[in-house]
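Trainee: This is a predicted model, with the sequence first.
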Amino acid sequence: MPQQAREESSPMAQAQQKDFSFPKGFLWGAATAAHQIEGSPLADGAGPSIWTRFAHTPGMTANGDTGDVACDHYRRWKDDVRLMRELGLQAYRFSVSWSRILPEGTGRVNQAGIDFYSRLVDELLANDIEPLLTLYHWDLPAALDDRGGWLNRDCADWFAEYGSVLYRALDGRVKKWVTLNEPWVVTDGGYLHGALAPGHRNRYEAPIASHNLMRAHGAAVQAYRAIGQHEIGLVVNIEPKYAASGSVDDAAAVKRAHAYMNEQYLHPALLGRYPPELGEIFGDAWPQFPPEDFELIVQPLDFIGINYYTRSVTEARRSYPLDAGPVKQPLGTYTETGWEVFPQGLTDLLLWFKQTYGDIPVYITENGAAFFDPPVADTDAAGDRRVRDPLRTDYLRQHLSAIHDAIAAGVDVRGYMAWSLMDNLEWSLGYGKRFGIVHVNYGTQERTIKDSGRWYSRVIASQGGAL
Ligand SMILES: N#[N+]C[C@@H]1[C@@H](O)[C@H](O)[C@@H](O)[C@@H]2O[C@H]12
């Protein structure tokens, strides 16, 4: 399409002009995480996690919001699977709370914790929904944090032990495993800036935690190869960085920001080395890691999960530790979390991934947006209660269109998990940011499928045709 014509039509109009058909077997699903939806964090023998502690520390979360109740999924899980069935989901990505399985993080196994996830998996399978299980979605057992957490090199053995308990209990019913969710957020939020649990602010700790997370990833994959028979991968959040100007300084800032967020985890996992910019960024805080560590980290993977939300137009400016920062786009559309809606960035990112790492299969394991939703409306003609969220529907449509473009260009994208199945606890931002395709009334725990959820059901049923 000529550039001028392309600029005149809106993303929605462009999407409506295209013929969509996603590859046969493309996996359509939605995602959540244990701490964000389950509630009942200490039920049935579970131990506390770092998020149980962090959220109960005054001032750490918006309004003092905690995961004590959340979406009460720990008790409503069967109804929630029924909701997934109503949506027509083919897959459901969820995480396991480590401290439900091993209350002290290692050693004693809590069978009630295993039983909860075993029942959930069986109910998913009974409803023809494929489980995608994430071992670690940020909720480290507090007992392990007391032993140094991700700063203790023993964490690789702890994590492999935890993974092995679950592999033995669930592999075969679970055929797609994820070791870590977003290691970048775990260290940038939890060890560098302190906005997330465990709330450290230490530039010497961040690289150590990052590296140990990747060692733990490698150890868990090694353990899986000895026990499991199916697939295992890593989930990263990556974000394309575009230079704010043609200046040399902005170009250098983009390189630093790109290395720090997009290469810091994919390079060691897939190439067995770090990008050189990390030494420049961290300076004297960048350790000399033992070469044998990289032999542990770089394990063959069956897929990579990519969580995509936004892009960053990046400029050089004093900032810690990158001396680079995002520039707000005057004509941009922004979500409630302050992220620019930029679907082209997902296409660009997937093409970069293929060019840099080759043809390893990719799942979009999270994509979605927080917009201010109107209250649940009265029933419509069909008697259904409504939540009219057109901005979310358009966000999802544009990003699915962007994925379709990447597939057409040869990127092996195997599936899409909308973030999120339901409104949930947005970590330290609390319950005010709603990402769900299903609305949750936190007072009554009533679920209402939003218009975006009903639209997504039609997209799934048509294998993309209804996009
Ligand atoms: N913020 N935000 C939404 C979403 C968060 O709720 C997920 O837990 C993370 O995996 C990732 O950060 C993305």
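Mentor: Received, thanks. Bear in mind that the values here come from a model prediction, so they are computed numbers and not experimental data. Numbers count the residues shown, from 1 in each chain.
Trainee: Within range of the ligand, give me the residues from this protein.
Mentor: Residues of the chain lying close to the ligand by CB under 6 Å from any ligand atom are 33, 36, 181-182, 237, 307, 337, 366, 419, 426, 435. (Each C-beta comes from the backbone N, C-alpha and C, glycine too.)
Trainee: among those, which ones are buried?
Mentor: Buried members of the residues of the chain next to the ligand, scored by 16 or more other CB atoms under 10 Å, are 33, 36, 181-182, 237, 307, 366, 419, 426, 435.
Trainee: just checking, which of the residues you listed belong to strands?
Mentor: Cross-referencing these against strands under DSSP state E gives 181, 237, 307, 366, 419.
Trainee: Between which two of the residues of the chain next to the ligand is the distance greatest?
Mentor: Distance extremes for the residues of the chain next to the ligand: the farthest pair is 181 and 337 at 17.2 Å, using CB to CB.
Trainee: where along the stretch 301-450 of the chain do the helices fall?
Mentor: Secondary structure of the stretch 301-450 of the chain by DSSP state H, counting those that start in this stretch: the helices cover 344-357, 390-408.
Trainee: which one of these is the most hemmed in?
Mentor: helix 390-408 (a mean of 21; mean count of other CB atoms under 10 Å).
Trainee: starting at the chain centroid, how far to that one?
Mentor: With CA atoms, centre = their mean, to the nearest Å as the basis, helix 390-408 stands 17 Å off its chain's centre.
Trainee: mean confidence for the host helix or strand of residue 122?
Mentor: Element membership for residue 122, per DSSP states H and E: helix 111-126. Across helix 111-126, the average pLDDT comes to 98.
Trainee: ok, now stretch 160-178?
Mentor: Average pLDDT, stretch 160-178: 99.
Trainee: Touching it from outside, list them.
Mentor: With contact meaning CB atoms under 8 Å, 6 or more residues apart in numbering, stretch 160-178 is reached by 93, 96, 98, 101-102, 105-106, 109, 114, 117-118, 121-122, 125, 130-135, 179, 216, 219-220, 222-224, 227-235, 302-303, 305, 365.
Trainee: ChimeraX command for the buried members of these?
Mentor: Buried members of those, defined by 16+ other CB under 10 Å, are picked up in ChimeraX with:
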select :93,96,98,101,102,105,106,109,114,117,118,121,130,131,132,133,134,135,179,216,219,220,223,224,228,231,232,233,234,235,303,305,365
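Trainee: Show me the contacts of stretch 160-178 that map onto strands.
Mentor: Using DSSP E, 93, 130-135, 179, 231-235, 303, 305, 365 are the members of the contacts of stretch 160-178 that sit in strands.
Trainee: So which of the helices of the stretch 301-450 of the chain is nearest residue 249?
Mentor: Once the helices of the stretch 301-450 of the chain are compared by CB to CB, helix 344-357 is nearest, at 22.1 Å.
Trainee: Show me what that closest one is packed against.
Mentor: helix 266, strand 303-307, strand 362-367, helix 390-408 (3 or more CB pairs under 8 Å, 6 or more residues apart in numbering; DSSP states H and E).
Trainee: Need phi/psi at residue 62.
Mentor: Here is the backbone geometry of residue 62 (degrees, to the nearest 10): phi -60, psi 130.
Trainee: tell me the mean pLDDT for the longest helix anywhere in the chain?
Mentor: Scanning the chain for the helix with the most residues, using DSSP state H, yields helix 205-227. The average pLDDT within helix 205-227 is 98.
Trainee: Go ahead and produce PDB holding the CA coordinates of it.
Mentor: The C-alpha coordinates for helix 205-227 follow below in PDB (Å, rounded to 0.1, in the frame of the first residue of the first chain):
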ATOM      1  CA  GLU A 205      22.200  -6.400  43.400                       C
ATOM      2  CA  ALA A 206      20.300  -6.000  40.100                       C
ATOM      3  CA  PRO A 207      22.900  -7.700  37.800                       C
ATOM      4  CA  ILE A 208      23.400 -10.500  40.400                       C
ATOM      5  CA  ALA A 209      19.700 -11.200  40.700                       C
ATOM      6  CA  SER A 210      19.300 -11.100  36.900                       C
ATOM      7  CA  HIS A 211      22.100 -13.500  36.400                       C
ATOM      8  CA  ASN A 212      20.900 -15.900  39.100                       C
ATOM      9  CA  LEU A 213      17.400 -15.800  37.700                       C
ATOM     10  CA  MET A 214      18.800 -17.000  34.400                       C
ATOM     11  CA  ARG A 215      20.900 -19.600  36.100                       C
ATOM     12  CA  ALA A 216      17.700 -20.800  37.800                       C
ATOM     13  CA  HIS A 217      16.000 -20.800  34.400                       C
ATOM     14  CA  GLY A 218      18.700 -23.000  33.000                       C
ATOM     15  CA  ALA A 219      18.600 -25.400  36.000                       C
ATOM     16  CA  ALA A 220      14.800 -25.700  35.700                       C
ATOM     17  CA  VAL A 221      15.100 -26.500  32.000                       C
ATOM     18  CA  GLN A 222      17.800 -29.100  32.700                       C
ATOM     19  CA  ALA A 223      15.600 -30.700  35.300                       C
ATOM     20  CA  TYR A 224      12.700 -30.700  32.900                       C
ATOM     21  CA  ARG A 225      14.700 -32.600  30.300                       C
ATOM     22  CA  ALA A 226      15.300 -35.300  32.900                       C
ATOM     23  CA  ILE A 227      11.700 -35.600  33.900                       C
END
